[in-house]
Structures are given as C-alpha cells and as structure tokens.
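Visitor: Build me a model:
(chains A and B)
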Amino acid sequence: MKKTSKQSIIALFAGLMAAGSVQAEGTVNVYNWSDYIGDDVVAKFEKESGIKVVYDVFDSNEVLEGKLLAGRTGYDIVVPTSEFMGRQIKAGVFQPLQKDKLSNYGQLDPALMKTIAIMDPGNNYGVPYMWGTTGIGMVKEKVIAALGPDAPLDSWELVLNPDNLAKLNKCGVAFLDSPTEIFAAALLHLGKDPNSTDVKDYQGEAKALLQKLAPSVTYFHSSKYIDDLAAGEICVAIGWSGDIAQAKVDAEEAKNGVEVTYFIPKEGAQMFFDILTIPKDAGNVDEAHAFINFLMQPEIAAENTNFIWFANPIPAATPLIDEEITGDPSIYPPPEVVERLYISTIKTPKVDRAMNRAWTEIKTNQ
Amino acid sequence: MSPARRKIAWRLPGQYLLVVIPPYIWLLLFFVIPFAIVFKISLAESAIAQPPYTAFYEYVEDVLTFRVSFANYLFLLTDSLYFDAYVSSLRIAAISTLICLVVGYPIAYGIARTQGPLQSLLLMLVILPSWTSFLVRIYAWMGLLRNNGIINSVLMSLGVVDEPIRMMNTEFAVYIGIVYTYLPFLILPLYANLVKLDNRLLEAATDLGAGPVSRFLRITLPLSMGGVIAGCMLVFIPVVGEFVIPELLGGSETLMIGKVLWGEFFNNRDWPVASAVATVMLVLLLIPITLFHRYQFREMEAND
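Guide: Prediction:
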C-alpha cells in the first residue's frame, strides 16, 4: 500500500507536469494494478501524445469486478486478469477493440494470444499487458531455519503440507486472498484438476486441507506481502511472480540483509494474463486505444518489464530487457516449465459460490 | 406524537414544520431511498450481467411481472457462518463500546470539570487527531504494532522481551484500532452532557452528608445517562458494520459482518445475498436505536 501511494503520487505529478507544459488534447482514465507500470511511461505517453493520463490503481480483481458490474466506472482502460475478463465479457461490460487503431497489434506473441482466446474468443476485447505465475516467494534463510536443511524448496509441499506450514508460522506466512488461485494450487497438490468444475472438489479434501493450513497463515492478502517479505516480516508467501521479484529488489535496496527468492513449484503453477480492456461506457475510446497501442511498443513494454519484473507478451521487447530478468527462469520460464503451467478457466456460479463459501470458512476458521 | 410535541406544534405550526421537515428529507434521501434499493436487490437473484442480478420487474407483451424471492433470507439461515458473524460483530462492538466508556468517561468528566482556556485546549486535543485522515492513523497503528514496529523494537532493545510480541493481525489490534478511532464519538456527547451538570446539586448532596462515591453514583451518573447512552450508540452502531479496521489490523480469525458482506459482494458476486446480509444487519441495529429513541423520549417528557 505504501508503494501504491508512491506510485500514484508519481503518476499525479507526471499528470500535473504534463498539464502544465502540453496543451492537453484529451484525457484517458486508466485503472491498473498497483506497482504495475514503469516510472516514466505515463509521462512519456503524455509528452508524445498530448493526452493527459489520470492513473488510478487497484489490488484485487474482485474490487475491479465490483466496479465494472455496477457500471459507469469512469475508467477508459481497466486491466482484469484473464479468467475474470472471461466472465466480464459474458456480462457484457466491455466494448470490442478497434484493431485498426492499434498499429502495434502485430507485435503480440501469437502463441500467448491463442491461450488467451480460451477466455476471449477471437481476441476481440483485450490486449495482454503482462503475464506471470502464481508461485512461492520466500526468505530462504528463515525457511531453512524453521524447517531444517531438508525443506522442500521446489515444491508446493513447502506451504501446502500442514506440518511444514505450522513450523513456518513462527516467521510469518502470507497467502493471496484469492480463492481461485489458492484452491487451484490445493487441488493440484492433491492430484486433482486445478480447474475442477465439480462442486464437491471445493467442499471435500481441498477445503479440509486449506482449513488445516489456515491457522498457520498469518494473513490472507493480495498486496501486503510485497512489503512484508522485503522487510522480513514474513518468511514465505504464495504470491505473484512479479510482486515477489519486486520484494526482492526492495529488500536489496533497503540493505536489510533479507534475501527474497521466488520459485515455480515443480508440480506446476497457474499462469495469468492481465489484460487491457475498454469498458462499454468509456468516454475516451480513441485515447484509450492510443494508450494501449503505446504500451505495445517494444521499447515501452521492455521499460515496464524492467521496472515491474513481469514478463510482457511482446517478443520484440525481449532483447531490450535486462538480462537479469530475461535470464530468471521464474519470470521468463524455460519451455519445459511453461508446459507445466495452466490457465484458470471460468467456473459456473455454483462452483464459485461453493468455492467462496469454503474460502470464507477457511479464512475465518469457522 | 407525544403531548409535549403536540403542544409545541400547536403553538408554532410554521416554524415547527420548518424545523422538522429538513431532518425528514435528509432521512428520506440518505436512508429510506438507499435502503429501499438495497432491499429491492435482496429480493432478486444473482446473474452474470451488468448489474449482476435479475430485474425486479419485467414488462413483456403488455404484462408486468414482478420477480420477488425471499430465498436469500432463507439462505442466511442455512449456514451458521452468518449467525456467527452477526454474533461476533455484536460482541466486538459491545466490548469496544465498554472500553470506550471506561476510558472516555473520566476524560469527559475531567474536561467538563476544567475551567476556561484549559478546557478549550483539552477539547481541542480530543478533536485534533480527526483532522488527519482516518486511514493514515490506522496505518500509523500498523507501524506501531507490527513485529518489527516501534513498540516491539523498543521492548526488545530494552530487553523486556526476546521475541517480538505478535500484535498485528490479532483481535487485540482490532480493539486498539476501534477504541482509538471511536473514542472522540463517546467523549464529545458525554462532555456536552456533563458540562451542564448543576453544581448546586452536588453541593446540596455534600451538605446532606454524601461522600464522593455516593455523589457520583447517585447524582452525576444518573444525570449523565443521556450522554452515556448517546455516546455508546455513536460507538456501537458504526462498529457493528466496521470493515476497514478489522481488514487492516485484524487477522484471518476476526470474523465480522462487514467482512462477510464484502465477501458476498466481491468474491461471490452475489449482490442479492450481500443485500440480504445488510438488511438483516440494519434490522438488528434498529433494536438499540429504538431503545435509545425511547429513552430520549422519556427524558424529554420528564423535562417538559
């Protein structure tokens, strides 16, 4: 959250400066994930296009979805994650992209676009912004101190085995507050389909496992763990690849002796795409297209990745990215790891309810 | 309408309406209409649409059909989670109110007994923290309470404890946040009441041989009951529905109805059930509000 406000302040100042120097031609209201854009990207776009960017951030798909379903968000670009976007497309909250206004559309990786088409048939509504995985971040030293040298540092066993987690609780454990992702990991760990459409799977073994784990989880939250990992407040987190990479950088900068690492468990992990979309009732459609197109420029995509440590879907950007990032298998995983990644699919409302009901019970220990 | 009010109404019809109508308009705009909307949604079914619930009525081929379903209310009975959350919220609100009262009464009393500029200064000190954003103050508490936060660092450097005391993400932190945030809401009405206390009554009691404890219990406390109840309501009612404080300071074991409501709304996307939860909460809160109103009413009649 601290970083979130820092980010918005930067965006605000960038906005103010642009308003002062350039005759604004229009405005685009962007609602993106917190800590999810390069420092100078907004300012560069404003300078180049003369369009003023009002940049606002969120940290949960649920919050974004609540706003989208209520309608009249006032935003021209929103960035839901793939499976949420799939349901939102069904609810009819987006307008189709005008691809003729996106001259950089050809830059997108066709293989990734094919995966996204599972959620967005024909890729009519969205352009992927970044992608990443849901894995495990840890302060290795503390984890080994808690579990001993035989700690399973490459497997879901580390956090999904109740005995291990109980020992890790002493140095602090964070789980994403995201039932879809945690349940998928639990189901996979139990040898089931992580995208199971069977209501029973969310009430039986997987729920029992998570209930056994819950008392050892310090908190369920989807952004607090970045700061806490970096500060050594917690020693392990189920979290998003780029966020944990940021925690690593923050800890290095703070020189507090905390060393954060991230790994994709060997059993497999969920991959997600955050997708740029335009709400149906957006007021600045042309400006929104201009901003999306700008983000697809290889130099800009590279700049973003260098800053936020998430992989982007623009192959031409890869040579422009720091080798430290492209060489990191947790961010740009090798093909054999990619094979073990799965994408989350849309569930029926019944499954959703069963999952969320179980989730509330798990979290509150009831 | 009570005889007392009727008398005033009869005496000053024009002014009476002028005074009475704005609060009713306020109530209509900011309570009755929003509540009607929430209640309407609670009778619908959820759907993948924008907005995500079925329409209240349909007008197809000259036939107007209303779709009303009480299933969401029945659903709340099928799962003990909701009941537990209500009970837990009421418990947390009651305990917080009690702590606020124990801490706040002496403060209010002290301020009321002070004279002149010092009194204004003390009042200022109570109000001053609310000049900064509530959210910033809660974040400040996070900085104080966390494992390597200020309190733990001081305790550890003094050698009082070896390991940090876990305070963040516990119910303890939630109580700290709530009491800290809501204390002024109890002190101010109580102060306003206590400052009116007629000193002559206390002097008379002293003359008749009453000691300080007896004076407090038999004169000050009964006379300040209106302030106590008003202050307690101002704390209790919002705390029952509190969401931000337990979300930021509480851990996963703190179950409150505000959090359950959030989950229904954002995680389940089930606005109708969320609305039903909210409606039931409101009905629950109507009980203390009505009791308070009755008490105020009795007092008004007694003063008349």
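
Visitor: what pLDDT, on average, does stretch B:231-251 get?
Guide: Stretch B:231-251 carries an average pLDDT of 91.

Visitor: Stretch A:28-39 now?
Guide: 94.

Visitor: From start to finish, how long is that stretch in a straight line?
Guide: 18 Å (CA to CA, to the nearest Å).

Visitor: Tell me if that stretch is near chain B.
Guide: No: Stretch A:28-39 lies out of reach of chain B by CB under 8 Å from any CB of the partner chain, never closer than 15.1 Å. Every residue, glycine included, has its C-beta placed from N, CA and C.

Visitor: Distance from that stretch to the middle of the chain?
Guide: 12 Å (CA atoms, centre = their mean, to the nearest Å).

Visitor: Could I get the contacting residues of residue A:106?
Guide: Residues near residue A:106 by CB atoms under 8 Å, 6 or more residues apart in numbering or on different chains: none.

Visitor: again with residue A:271
Guide: A:131, A:132, A:133, A:134, A:338, A:341, A:342, A:343 are the contacts of residue A:271 under CB under 8 Å, 6+ apart.

Visitor: Remind me which helix or strand it belongs to.
Guide: Assigned by DSSP states H and E, residue A:271 belongs to strand A:269-276.

Visitor: Which positions in the stretch 151-300 of chain B make contact with chain A?
Guide: B:169, B:251-255, B:259-260, B:263, B:265-271.

Visitor: Apply 7 Å and report the result again.
Guide: Residues of the stretch 151-300 of chain B lying near chain A by CB under 7 Å from any CB of the partner chain: B:169, B:251-253, B:255, B:260, B:263, B:265-270.

Visitor: ok and the residue in chain B nearest chain A?
Guide: residue B:266 (3.7 Å; CB to the nearest CB).

Visitor: Counting neighbours, what do you get for the residue in the stretch 101-250 of chain A that chain B sits nearest to?
Guide: Per CB to the nearest CB, residue A:219 is where the stretch 101-250 of chain A lies closest to chain B, at 5.1 Å. Here the count is done by other CB atoms under 10 Å in any protein chain shown, and residue A:219 has 20 residues near it.

Visitor: Could you say which helix or strand holds residue A:73?
Guide: Short version: residue A:73 belongs to no helix or strand, going by DSSP H and E.

Visitor: Can you report how many residues neighbour it?
Guide: When neighbours are counted by other CB under 10 Å, residue A:73 comes out with 19.

Visitor: swap in residue B:205?
Guide: 18.

Visitor: With the flanking residues excluded, which residue is spatially nearest to it?
Guide: residue B:215 (4.9 Å; CB to CB, 6 or more residues apart in numbering or on different chains).

Visitor: need the residues of chain A near chain B, please.
Guide: With the criterion set to CB under 7 Å from any CB, chain A comes near chain B through A:62-63, A:65-66, A:69-71, A:87, A:90-93, A:179, A:214, A:217-220, A:231, A:233, A:349, A:352-353, A:356, A:359-361, A:363-366.

Visitor: Spit out the contact partners of the residue nearest to residue B:94 when sequence neighbours are not counted.
Guide: Distances taken as CB to CB, 6+ apart place residue B:236 nearest to residue B:94, at 7.0 Å, with adjacent residues excluded. By CB atoms under 7 Å, 6 or more residues apart in numbering or on different chains, the contact set of residue B:236 is B:93, B:94, B:97, B:288.

Visitor: Next one: residue B:142 relative to residue A:266, how far apart?
Guide: 36 Å (CB to CB, to the nearest Å).

Visitor: and whatever residue of the stretch 1-150 of chain A ends up closest to chain B, how many neighbours?
Guide: Across the stretch 1-150 of chain A, the shortest distance to chain B (CB to the nearest CB) belongs to residue A:62, at 3.7 Å. For residue A:62, the count of nearby residues is 22 (other CB under 10 Å).

Visitor: Which secondary structure element is home to it?
Guide: Going by DSSP H and E, residue A:62 is in helix A:61-70.

Visitor: Residue 235: what's it in contact with?
Guide: Here I'm looking at chain A. With contacts defined as CB under 7 Å, 6+ apart, the neighbours of residue A:235 are A:138, A:139, A:142, A:143, A:146, A:168, A:171, A:172.

Visitor: ah, I was thinking of chain B
Guide: Contacts of residue B:235 (CB under 7 Å, 6+ apart): B:96, B:97, B:100, B:182, B:185, B:186.

Visitor: avg pLDDT for the helix or strand harbouring residue B:213?
Guide: Under the criterion of DSSP H and E, residue B:213 resides in helix B:212-215. What helix B:212-215 shows for mean pLDDT is 92.

Visitor: now whichever helix or strand comes after it: how far from the chain's centre is it?
Guide: Using DSSP H and E, the helix or strand that follows helix B:212-215 in sequence is helix B:221-223. Taking CA atoms, centre = their mean, the mean C-alpha location of helix B:221-223 is offset from the chain mean by 22 Å.

Visitor: All the strands of chain B, residue numbers only.
Guide: According to DSSP state E, chain B carries its strands in the segments B:57-60, B:63-66.

Visitor: er, the stretch 151-300 of chain A actually
Guide: A:173-175, A:219-220, A:236-240, A:260-263, A:269-276 (DSSP state E, counting those that start in this stretch).

Visitor: got the angle for the third one vs strand A:269-276?
Guide: For strand A:236-240 against strand A:269-276, the angle between stretch directions is 40 degrees (axes from the mean of the first three to the mean of the last three CA atoms, to 10 degrees).

Visitor: In terms of secondary structure, what does strand A:236-240 contact?
Guide: Here strand A:236-240 touches strand A:127-139, strand A:173-175, helix A:224-231, going by 3 or more CB pairs under 7 Å, 6 or more residues apart in numbering or on different chains; DSSP states H and E.

Visitor: Try it again at 8 Å.
Guide: strand A:127-139, helix A:157-160, strand A:173-175, helix A:179-189, helix A:224-231 (3 or more CB pairs under 8 Å, 6 or more residues apart in numbering or on different chains; DSSP states H and E).

Visitor: Residue A:231 reaches residue B:148, doesn't it?
Guide: Yes: with contact defined as CB atoms under 8 Å, residue A:231 counts as touching residue B:148 (6.7 Å).

Visitor: Which residue of these two possesses the greater neighbour count?
Guide: Neighbour count, other CB under 10 Å: between residue A:231 and residue B:148, residue A:231 has more, with 17 against 13.

Visitor: and that one, what does it touch?
Guide: A:251, A:254, A:256, A:258, B:148.

Visitor: Much appreciated, bye for now.
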